[in-house]
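Novice: generate a structure from the sequence data that follows.
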Amino acid sequence: MRNLTGLLFAGGLGFMLLSIAINLDFGTPTMLIGGAIQSNALQKTGATNIVTSVVLGYRGIDTLGELSILFAAAASAGLILGRRHTTAGTQTAGGFVLRHGGSMLFPLLMTIGFYIIFHGHLSPGGGFQGGVILAAAFFLPLLARPGAQLHHGTLSLIEGLAGASFVLIGLIALQQGKAFLQPMLIQDTLGVLLSAGTLPLLYLAVGLKVGAELASLLSHLAQTESDA
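Specialist: Model prediction:
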């Protein structure tokens with residue numbers, strides 16, 4: 001019976017895909033929205049990376065929703081894992097190479113993370129990618145020094161201020177008669193750091209929020225793993 005159900009599902013899915021394929025006019029895709037974005041994104045957002053224009057300009061509310069989902073996931077994981085304290089003297093620090101390598105890589109990862117965040121409108125990258133690198137920069141010392149902890153109060157403050165700044169920039173755009181999160185302060189010169197106006201600020205808020213949330217989550221996981 002189970003095999004028959006699987007065959008019926010596969011047959012129905014195949015019939016649906018075949019019906020769609022038959023009615024598609026291959027070779028002349030109707031990219032109405034995509035074509036409009038490609039034609040106007042450079043002038044309207046000042047970002048040479050059109051992906052950034054879409055993520056922060058044309059679908060900024062969706063990005064805000066993604067940040068909310070990430071916050072809910074990190075908060076839920078933190079509540080489930082809780083705060084566990086390790087027994088003193090039961091853990092040993094990492095080796096010489098790991099400890100000193102972690103200290104040397106921290107400023108390098110921070111520099112790379114912020115570079116990717118601030119240049120997300122010029123080249124591949126942005127707040128989400130840079131935020132993950134920032135989280136890794138703070139998590140690496142925890143691997144090198146078991147028992148060390150991040151200050152979750154500071155991470156919560158950074159995460160809250162970053163999220164509030166993202167929304168505030170959108171509200172300022174509304175106050176000026178624009179759409180929510182519509183890019184402002186656009187410059188005519190493309191390819192320079194300040195050409196995209198408020199988009200780098202939005203990506204900075206995204207990067208700090210993602211970095212703080214992931215760093216806090218990884219810290220909770222590290223503490224739980226060390227207690228196991």
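Novice: which helices and strands does the longest helix seen in the chain pack with?
Specialist: Assignment by DSSP state H gives helix 199-227 as the longest helix of the chain. Secondary-structure packing of helix 199-227 (3 or more CB pairs under 8 Å, 6 or more residues apart in numbering; DSSP states H and E): helix 60-81, helix 96-118, helix 127-144, helix 152-175. In this view, the C-beta of every residue, glycine as well, is placed from N, C-alpha and C.
Novice: can you redo these as a markdown table with distance to Leu218, mean pLDDT and mean neighbour count?
Specialist: A markdown table is the format used below for the helices and strands packed on helix 199-227 (distance: least, CB to CB, whole Å; pLDDT from 0 to 100; neighbours: other CB atoms under 10 Å):
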| stretch | distance to Leu218 | mean pLDDT | mean neighbour count |
| --- | --- | --- | --- |
| helix 60-81 | 10 | 82 | 15 |
| helix 96-118 | 13 | 85 | 15 |
| helix 127-144 | 4 | 86 | 21 |
| helix 152-175 | 11 | 90 | 16 |
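Novice: relative to Gly211, which of the ones you listed is closest?
Specialist: Between Gly211 and those, the tightest spacing by CB to CB is seen for helix 127-144, at 3.4 Å.
Novice: so what touches the closest one?
Specialist: Contact partners of helix 127-144, identified using CB atoms under 8 Å, 6 or more residues apart in numbering, comprise 93-94, 98-99, 101-103, 105-106, 109-110, 112-117, 120, 148-150, 202-215, 218-219, 222.
Novice: the longest helix of the chain vs helix 96-118, what angle?
Specialist: 150 degrees (axes from the mean of the first three to the mean of the last three CA atoms, to 10 degrees).
Novice: which residue is nearest the middle of this protein?
Specialist: Phe128 (2.3 Å; CA atoms, centre = their mean).
Novice: any idea how far Ala205 is from that one?
Specialist: 12 Å (CB to CB, to the nearest Å).
Novice: now Ala77
Specialist: For Ala77, the distance to Ala205 equals 22 Å [CB to CB].
Novice: turn the helices and strands packed on helix 199-227 into TSV, including distance to Ala36.
Specialist: Output for the helices and strands packed on helix 199-227, formatted as TSV (distance: least, CB to CB, whole Å):
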stretch	distance to Ala36
helix 60-81	17
helix 96-118	28
helix 127-144	25
helix 152-175	20
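Novice: so which of those gets nearest Gly197?
Specialist: Smallest distance to Gly197 across these (CB to CB): 10.1 Å, for helix 152-175.
Novice: identify the residues contacting the closest one?
Specialist: Residues from elsewhere that reach helix 152-175 (CB under 8 Å, 6+ apart): 60, 64, 67, 71, 179-182, 184, 198, 201-202, 204-209, 211-213, 215-216, 219.
Novice: buried among these? Need that as a selection in ChimeraX.
Specialist: To isolate the buried members of the contacts of helix 152-175 in ChimeraX, using 16 or more other CB atoms under 10 Å:
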select :60,64,67,71,181,182,198,201,202,204,205,206,207,208,209,211,212,213,215,216,219
